[in-house]
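K.L.:
fold the following for me, if possible:
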Amino acid sequence: MLKNVKILIHQGKQYIPDVTKAEVPGIFRGRPVISNAAVDIQELVNLCPVNAISANPVCIDLGKCIFCGECALAYPSKIKFTKDYKMATNYREGLLIKEDEEKSITLNAEIIRKEISEYFSGSLKLRQVSAGGDGSCELELNACGNVNFDMGRFGIEFVASPRHADGIVITGPINENMAEPLQICYDAVPDPKIIILAGTDAISGGIFADSPALNRSFLEKYKIDLYVSGNPIHPLSFINGVLELIKKRK
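P.N.:
Residues are numbered from 1 along each chain as shown. Model (predicted):
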């Protein structure tokens with residue numbers, strides 16, 4: 001007991017007490033903001049390697065953005081990446097960041113299925129499916145359960161079998177080889193179940209969006225309950241998004 005107390009005094013609290021108000025390092029690229037500064041809009045649009053930037057008005061689609069930061073480096077007066085890691089929403093249009101609009105990314109409570117808060121508010125078991133992912137989002141999801149973020153204290157955990165899960169978390173652009181295993185995994189999850197897309201690759205295909213090696217037909221068949229943007233996602237983005245999705249609502 002005394003040894004444990006000595007370790008606590010020496011190291012301090014290793015976990016993040018409040019994941020909703022945690023601070024991240026300044027190098028982190030979170031939710032961008034777009035000013036009304038005058039720049040060459042066409043050059044700005046052409047600069048993006050994944051066509052995440054559009055014009056009239058200038059808009060960044062965080063479902064496509066790979067957070068390379070090239071736009072902010074080239075046009076610092078126009079685009080700035082903040083440290084806001086709350087970048088999860090439950091409707092696709094919620095990931096669109098528009099010019100001269102300073103607002104947070106949130107969930108639309110009106111379209112959250114009633115059974116989500118009824119069944120999963122206190123306990124949520126998830127099966128993660130890497131559908132052609134590069135390992136980056138998978139690593140960040142693994143970090144959600146470490147001593148710093150400790151997602152398990154909220155009753156949110158990853159499980160090995162889809163039969164023990166309440167939903168699936170998809171990472172990766174969903175290549176042809178993983179399309180069928182993804183469907184099999186989803187079918188094995190008992191109803192009611194949720195689908196979460198974690199990361200740019202899962203949301204839009206990312207840099208692989210136009211590749212003939214992809215088969216994203218799975219996403220056309222089901223309602224997506226949560227989009228977590230990032231490339232890769234940050235554990236705080238995922239945890240805050242899931243907590244907001246499953247919290248009790250009247």
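K.L.:
show me where this protein has helices.
P.N.:
2-11, 41-47, 70-74, 114-120, 136-143, 176-188, 200-204, 218-221, 235-246 (DSSP state H).
K.L.:
tell me the mean pLDDT for the shortest one?
P.N.:
For helix 218-221, the mean per-residue pLDDT is 96.
K.L.:
try the fourth one
P.N.:
The average pLDDT for helix 114-120 rounds to 92.
K.L.:
if we can go back for a sec, can you say which of the helices of the chain is nearest to T20?
P.N.:
helix 235-246 (6.1 Å; Cβ to Cβ). Any C-beta I mention is one placed from the backbone N, CA and C, and that applies to glycine too.
K.L.:
helices and strands around the closest one, which ones?
P.N.:
Packing partners of helix 235-246 (3 or more Cβ pairs under 8 Å, 6 or more residues apart in numbering; DSSP states H and E): strand 88-89, helix 114-120, helix 136-143, strand 156-158, strand 194-198, strand 226-228.
K.L.:
quick one, the longest strand anywhere in the chain and helix 176-188 angle?
P.N.:
Scanning the chain for the longest strand, with DSSP state E as the assignment, gives strand 124-130. With axes from the mean of the first three to the mean of the last three Cα atoms, to 10 degrees defining the directions, strand 124-130 sits at 160 degrees from helix 176-188.
K.L.:
who's in contact with F208?
P.N.:
F208 is in contact with G132, P173, N175, D201, L214, counting by Cβ atoms under 8 Å, 6 or more residues apart in numbering.
K.L.:
just A209 next, same as before
P.N.:
Per Cβ under 8 Å, 6+ apart, neighbours of A209: V50, K64, P173.
K.L.:
who's in contact with E23?
P.N.:
By Cβ under 8 Å, 6+ apart, the neighbours of E23 are K83.
K.L.:
and stretch 151-168, what's buried?
P.N.:
Neighbour-count burial for stretch 151-168 flags M151, F154, I156, F158, P162, A165, D166, G167, I168 (criterion: 16 or more other Cβ atoms under 10 Å).
K.L.:
tabulate those (a markdown table), appending pLDDT and distance to P190.
P.N.:
Putting the buried residues of stretch 151-168 into a markdown table (pLDDT from 0 to 100; distance: Cβ to Cβ, whole Å) gives the following:
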| residue | pLDDT | distance to P190 |
| --- | --- | --- |
| M151 | 96 | 22 |
| F154 | 95 | 21 |
| I156 | 97 | 18 |
| F158 | 97 | 17 |
| P162 | 96 | 9 |
| A165 | 97 | 8 |
| D166 | 97 | 8 |
| G167 | 97 | 10 |
| I168 | 98 | 12 |
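K.L.:
closest one of these to K223?
P.N.:
For those, the residue nearest K223 by Cβ to Cβ is G167; the value is 11.7 Å.
K.L.:
hey, what's that closest one bridged with?
P.N.:
Beta bridges link G167 to L126, I194, judged by DSSP bridges.
K.L.:
give me phi/psi at V58?
P.N.:
Phi and psi for V58, reported as degrees, to the nearest 10, are phi -60, psi 130.
K.L.:
wait, it touches Q42, no?
P.N.:
No - using Cβ atoms under 8 Å, V58 is not in contact with Q42, being 10.9 Å away.
K.L.:
name the residue most distant from the centre of the protein?
P.N.:
L2 (40.7 Å; Cα atoms, centre = their mean).
K.L.:
roughly how far apart are that residue and I9?
P.N.:
11 Å (Cβ to Cβ, to the nearest Å).
K.L.:
do V228 as well
P.N.:
36 Å.
K.L.:
count the residues that sit near Y85.
P.N.:
24 (other Cβ atoms under 10 Å).
K.L.:
mind checking pLDDT for it?
P.N.:
At Y85, pLDDT is 97.
K.L.:
tell me the contacts of it?
P.N.:
Y85 neighbours (Cβ under 8 Å, 6+ apart): V24, F28, G30, R31, H234, L236, S237, N240.
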